[in-house]
Every structure is written in C-alpha cells, then in structure tokens.
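S.K.: have a look at this fold, sequence not included:
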C-alpha cells in the first residue's frame, strides 16, 4: 500500500432523501470496480427509496452505506463515508462530519433545493466542509438544472458555477458538455461505462461558450495566473481553470456544479474526476484536537507520519467477528503492534489487527498513516473516543457531554423483541454519549434519554429496522430539575435510643445555591464534633437526597452543602446514623431554601419563507417561546427563539401545517431556566395526582 | 446600586444631556462616524443602558448577521460586568432585546411596519427604542424618513441611526458632515465620533444641553467602551 496523501479523498455524499444518493453510490462503486453488477433501487415514484436501499443491502450481503467504503479512481483512493440519515444536530452527526474532508451535495434537478437540502447544507457550513454539487435526475420530466443552480445561489447562498451543461434534457438527455475541455461527453454501453468524447453539437456551441466565460470569470477570482492569462489573452489551459476552481472550492467560496443522471448512467465518471481534481486531500484541511491539559484549547494536527499518533474512532459496527471500530488518523501513524491510550478511559490498548474496508471485503494492513481511514478489530471503545500515543493528552472531540433533556419509557412487544432491544440499547449507548438508558426502580420501565424528541424517535426507529425490536413507547417526559434559590441553615439530630442498638448523630450547617456545579460538599467541622470517619457518611447522606428532590421528585442540582457543627455519641453513632442525620438535615434546610423547578430551554431556529414569518413567530410565542432575532435572507428568513422543551412536542406537525410544509426547524439544548410559577403549580398538582394513582 | 451607577454613567448623560430620554416619541437620534470608528459599539451601549432600565430595544441591522450583532451586545455586556464588578445576568437582558436583520436591498419602511405589526399585534415584542444600523443616507432615504417617523410615533418609540460618513465629504454650514446636513432637520440629536490620534472623541453636533461647554468624552479604542477622560 503506497502512502501518497495527496492522492487520498475522504468524502461524504449528502443528499435530500430521494435525490438518488444510493444510486450514485452504487454507480460509483461499479465504475471504480468495487462491485460488478448494478442493482436498481426500485420504485419510480421514489416512495420508500431509503427502505429499498436497506433491502438491497441485505440481499447483496454488503453494506453500501457502511461507515467507510474504500474505492479507487485514477490512482486516487476515495473513502466514501456514510453521513447520518437524520438531520438533527447531535453528537453523532458532528462526528461523521468531522471525518469528511469534502462532500458531494446531491440535488434533484426536478425538486431543486428543498428544505432538507437546506439542512444538509447548513451542516456543511457549520463544519466548513468544501463541497461540489451534483444535479441528478436530468432525465426526468421537469428537469431544469439551470433553475437548480439559481436556487443554489439564492436559497443556499452558494457561489454556484456550472462546470457542465446538458445535451438535451428530460427524456432527450444524452450527454453533457464539459465547459473546461469544451468537449461533448457521451456515455455508451449498457451501463454507461464507455465514455465517448466528441465535438460540441452546433446548436449548443453558443451557450457553451457563454457558460464557459462565466466559469472562467468566476474562477479567475481565485487565481492570479488565470487572471493574467485572461488579461494577456494567452491560451487558457484546462489546468489553469481546474486549479483556480479548486482553490475557490477549498475555501468554500465557490461551488462547482456538475450534472447527470445516475440512474441512466450519465455523468458519474466526470463527477469522480471532479472529486479527485477539486475536493481537498487530508493535508489541505486543517484539523484541530483539544488539549485536555490546557482546558481544551485547540491544537493543530500535523499530518507528518513521524509524529505521535492521534486518531478518532468515529463509528462502530457489528461485524461477523465482533466489534469493528472505524477510525481516522489525524496525526502520526497507527501501526499494528503499537500501543495507544484511549483518552476517555485512560486505558492502554495494543493494536492487534488493522484492516481497510472495501465494499464487500476487508484487507489486512500494517499501518494507517495520518489522513487515512481504517478499522480496528476487537477494541473495546465507544464512538467518539480518541486514541493517542502514550504521553499525549489530546482529544479530537470535546469531553463535554450535555445531560439528556428528555426521556421516554419503552417496552418490548414480545420476548424476542426484549432480547433485541437490549442488544440495540447496548450498541446505541456505545455509539452516542448523549443517548442513555436505565431501568426505573419504581416502575421497572426501561427509560431512554436523549437530546430531543426526534433524537429518541430516530433510535426507536433504528431499533425496529436494524434490530427488529418492536417496542411500544410511552409519553416523552422532560427532564425537569430542582434547585434552591437562597441560603438556608439546618441543624438536625437523628436520635433513636429506645431499645436495641441506638442511633445518634447531629449535623448542622447550611446549604446555598451554586452555579455551574451539581453538588459541592464542604466540611468545616473543627474539633472533631463529628468524628472524621463519619464525614464521608454525611456526604453520602446528602448526596443520596439529590436523585429525587423533596419538592417534586426531580433531580436536585446546584446545591452547595457546608457542615460546620454536629455531635456524636461514643456508642450509638454509626455510619448509618450519620447518613440518616444528613438526610434529615437536607430536608430541613431544603424546606427553607425556597426551592424552584428548572426546565430545559431549547434554542430553536425556524427557517421559513418570509410570508409566513408572522405566523411562525405567533406559533413560537404561543409556546412560551422568547423570540430573540429574525434574520432576513432574501426569500427565506431565520427566526431564532428560546422555547421550553415541553412546549416543543409535536411542533413539527404544527409548523408544517401552518406554513404549507415550507418551513423547517432545528433545535438544540440551550440552558435550564426556572419554570414560571403558574406552570410549576400545574406540575406539582400533576405530580401529586400521579403519586395518588400509584398508591 | 451599581446598576444605577452605570445608568448614571450612560453615554448620553456623560455628554451633558440631563436625562437620557432626550429623544421624544417619534424622534430621531444619529451617531455619525467614519467606517470602523465604533458607531455600532456606541449604539449598543445606548441600547444596553435602556435594556438595564427594563426598556425594550429592537435592533435592526442591515449589513450584519444576527450572530455578529449579538456578539456586540455580549461584548459590551461582559465589559460592563467587568467594569462594574456586578452579577447581572445576561438572561435578564435577553427578553428585552430583539434583533432583526434585513438585506440592504430588502429593507423598506413598509416592510418594517409589517414586521412591527407582526410583533406588536401578537404581543410578542413592543419596542421602546429602535436602532437602525447600516441604512445608507441618500436622497431616497430622505423620502422614507417621514414615514418612519410616523410609525415611530404610532408605536411610541424613538429611533437611533448609525450614519456612516466619509473622509472626503465636506462639512456643511452647521458643522454637520455633508450628506447628513440635508437631513439634519429631521433629527433631534446628533452625535459624532471622531478619531483624534489614538483616541476617539465623542462630540455632540445637535441637541446637546447648552450648559456644558465641551464635554470631554472618550472611547477606549481597544474595547470601544466609554471612558472618562
């Protein structure tokens, strides 16, 4: 295996559902000779296309959309990385996007830029991923690639420039004109594998000349040599143009647009050429790790293979022989037999077997150098773990994992589902640190927790699809919290000295609110009023009270406990007695500390056509939302608001119906805020009712 | 009491205005400066002092995205918290502020009115103060300003503008920079920020309390915050 990092491309194919992602991937694998036959995604109306691809995968025994599929084109190695099918901003999405150096944004030439394309594009923007666009389905009736290019400019704000124009359109779509080489390209053979290059047809020459001018004009912004050549009227070589377009693409200032029809086997090979020529190699992209010793300050990675290794596990897969961990190396090289440290757990791991994934097979390799993607066998880790050479303390992902804000009770429908469900849950919690699960002590329900309604829905759906675990779900519950708002003193004696072994302990001190911490315990006892061996019991006693707050039974956060006085008995004091005393002291102090309920508040951004702005604001306002801003972006506008999570249930349906389905929204956790008095009263009432019912 | 300190120390009082509600309902105020001198920072400080008094501020920006405008507020807020060593909460400010951005070509007075009606009609937000940043002051603007004045009066608010002036422009007869002097009659207050050497001086061009001869007020060029000379 040769290591020329200039010849590596790690790319993702991002697309709107039903714009042909599976078909394109299929064709790419066929032309790069990874697979030897093309199977079609059924359903011309497109309904259920994603399901089809799953079926197809099963039937073929390979996963087209496996975490990273390797193929080669013109001596370049291309890793196609699976980008998540859902579009919520979660840690999982962030992780897969991190691994990409570039992407192909696939658009449908009929549907154009749709709301999901906007979300996909927003993610690319957020992670500054250079991309090229591919307008697919040019053979469909109603296809209009030029309109889609305009939409790319207007709706997504891309500096979109056509690199090709179609020869014929809709049913007459026969080939493309390449504006760089000024040649007409046709795709012959059953599967379009034979490329025939000819002169541009007469009737298209004028249009091609005009579009080429536009292309050169736009590209000249990024290359002095090209500008010079234009000014001095020298010959403009293909190399000059491609070079300039590449520069523009890498800085995300320009989006070259390609066209074709993957289903009709047209335009895929030039797209692969473009991936090789225009998208960045790992060295073109600057990657940062976080220095854990310096409060997560970013450190720039050096792709030099001699440097100590830094690698990220970005995806786990259940393979035949156990857990397969996909990793990307960012610095140094990961060699077979070497030892690395898992930063999260601190454990040392010896690398046993390294493989590279092909579509349907794997190949053992000796080392994975920086910029490359490979997989490890038999390593116990969770996705998002960083592996480093001993001595380094760097992490590719922030160690900060937000606490879940929503929970849902799930129950398996039958015994088979029960086994599959537990398998699935084990896998998901390893994959996604924001997804958690536990069994409720009181109700014996299995509870899953996550970052939003959609986040949990996705996992329930995956359980059904990937693990065939049919489950019924309860009503989602918001993770409320309790906290105190003022300082309060406590002085509690726990005394039980009538018959049997006695219990005695006195704990005194105060509690006060503390920001940024869940619980702080401070011991200011002097003179041994509480013997030192019982201090830990006191802390434990207080800590045990936190799980279920006295006010509403929600977890208590932001409390600092200081103990400064107490008393003990030489015979009757025990660890048990002090734990009980601490519990009593907590309840006593808590009752005076004016406890309040906090609820999770989400940052919600709604993108809507301007004409619905008023009604969208109204919707958010009705949901106790605080609208912070609204940004006019031409035909669209983005409204940002902070809305309590509990009010956001079912919002997508309401939003869709009141904006004719043209608006979409994203939501992420922002902060915890105090629940207004009236709502708090409702909650207390409801809790009392539930308690009564349970009893 | 510290909050009061800042309210007392507010930019307008420091120039010598008796009260900071110097602009009547429907009135206009302008902050003039060349590009990059600190118009936005100054306006945000005026807004912040209103926010701290519980007034609602609608900030309209025509050239900056929401995030950037928000950054200004955060920056000014953090500087204030540092300067006055207080524990005000950002969360308490937020409900009183609303940022709205438009594309320069997409902004018009009727559109603004439509948006304002959306906000007030549904009881989402009722501003006391409007800040318009990024509007270019040319002849066409003059035509729309009276309409804007009427809207401001109708909604009982006053408006602050950031007015960009250029180095090459001549000064008008009343010491006002050229393009603005034609519009000056519409404004109740005009303040100019002028870099002199390493400092930025704040001068009142119109509407200043006459009792103060020459208020010496400086902006710290590193933070763009007002400092006492």
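M.R.: Noted; the coordinates are in hand. Small disclaimer: the values here were computed from a predicted structure and weren't measured.
S.K.: any low-confidence regions in chain B?
M.R.: Within chain B, the ranges that satisfy pLDDT under 70 run B:1-22, B:169-170, B:172-174, B:208-219, B:221-222, B:224, B:226-229.
S.K.: how is chain A partitioned into domains?
M.R.: A:5-284, A:288-395, A:406-477, A:482-593, A:599-678 (automatic domain parsing).
S.K.: what's the closest of those domains to chain B?
M.R.: domain A:599-678 (3.8 Å; CB to the nearest CB). Any C-beta I mention is one placed from the backbone N, CA and C, and that applies to glycine too.
S.K.: mean confidence for the closest one?
M.R.: Taken as a whole, domain A:599-678 has an average pLDDT of 86.
S.K.: quick one: it near chain B?
M.R.: Yes: if you take CB under 8 Å from any CB of the partner chain as the test, domain A:599-678 does meet chain B, through A:613-614, A:617-618, A:621, A:626-634, A:638, A:640, A:642, A:671, A:673.
S.K.: make a markdown table from the domains of chain A and add distance to residue B:38 to it.
M.R.: Listed next are the domains of chain A as a markdown table, based on distance: least, CB to CB, whole Å:
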| stretch | distance to residue B:38 |
| --- | --- |
| domain A:5-284 | 29 |
| domain A:288-395 | 30 |
| domain A:406-477 | 40 |
| domain A:482-593 | 33 |
| domain A:599-678 | 22 |
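S.K.: can you redo those domains as CSV with mean neighbour count?
M.R.: Below are these laid out as CSV (neighbours: other CB atoms under 10 Å in any protein chain shown):
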stretch, mean neighbour count
domain A:5-284, 19
domain A:288-395, 18
domain A:406-477, 17
domain A:482-593, 18
domain A:599-678, 19
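S.K.: list just the one of the ones you listed that sits closest to residue B:142.
M.R.: Closest to residue B:142 of the domains of chain A, according to CB to CB: domain A:599-678, at 23.3 Å.
S.K.: residue B:81 should be in a helix, yeah?
M.R.: Yes: Residue B:81: assigned to a helix according to DSSP: H, G, I helix; E, B strand; the rest coil.
S.K.: next one: it from chain A, what distance?
M.R.: 14 Å (CB to the nearest CB, to the nearest Å).
S.K.: quick one, what contacts the residue lying closest to that residue once chain neighbours are set aside?
M.R.: Among residues not flanking residue B:81 along the chain, residue B:88 sits closest, at 6.3 Å (CB to CB, 6 or more residues apart in numbering or on different chains). Counting by CB atoms under 8 Å, 6 or more residues apart in numbering or on different chains, residue B:88 touches B:3, B:52, B:77, B:80, B:81.
S.K.: circling back: and of the domains of chain A, who's closest to residue B:168?
M.R.: Closest among the domains of chain A, once you apply CB to CB, is domain A:5-284, at 28.3 Å.
S.K.: what's the spacing between the closest one and its chain's center?
M.R.: 23 Å (CA atoms, centre = their mean, to the nearest Å).
S.K.: near chain A, which residues of chain B?
M.R.: For chain B, the residues in contact with chain A (CB under 8 Å from any CB) are B:65-66, B:69-70, B:91, B:94-95, B:97-103, B:106-107, B:114-115, B:118-119, B:121-125.
S.K.: what do you get if the cut-off is 6 Å, keeping everything else the same?
M.R.: Within chain B, the positions lying close to chain A (CB under 6 Å from any CB of the partner chain) are B:66, B:95, B:99, B:100, B:101, B:102, B:103, B:106, B:118, B:122, B:124.
S.K.: work out for me the element the closest residue to the third one other than its chain neighbours sits within.
M.R.: I take that to be residue B:99. Nearest non-adjacent residue to residue B:99, counting by CB to CB, 6+ apart: residue A:629, 3.8 Å away. Per DSSP states H and E: residue A:629 is located in strand A:626-633.
S.K.: what's in contact with that strand?
M.R.: The contact list for strand A:626-633 (CB atoms under 6 Å, 6 or more residues apart in numbering or on different chains) reads A:617, A:620, A:637-642, B:66, B:95, B:99-103, B:106, B:124.
S.K.: helix/strand/coil for the residue nearest to the spatial centre of chain B?
M.R.: The centroid of chain B falls nearest to residue B:43 when counting by CA atoms, centre = their mean (3.3 Å). Here residue B:43 is helix, with the state taken from three-state DSSP.
S.K.: quick one: the nearest residue to it once chain neighbours are set aside from residue B:67, how far?
M.R.: Among residues not flanking residue B:43 along the chain, residue B:131 sits closest, at 5.3 Å (CB to CB, 6+ apart). Separation of residue B:131 from residue B:67 (CB to CB, to the nearest Å): 17 Å.
S.K.: mind telling me what element the residue nearest to residue B:81 is part of?
M.R.: Applying DSSP H and E, one finds residue B:88 in no helix or strand.
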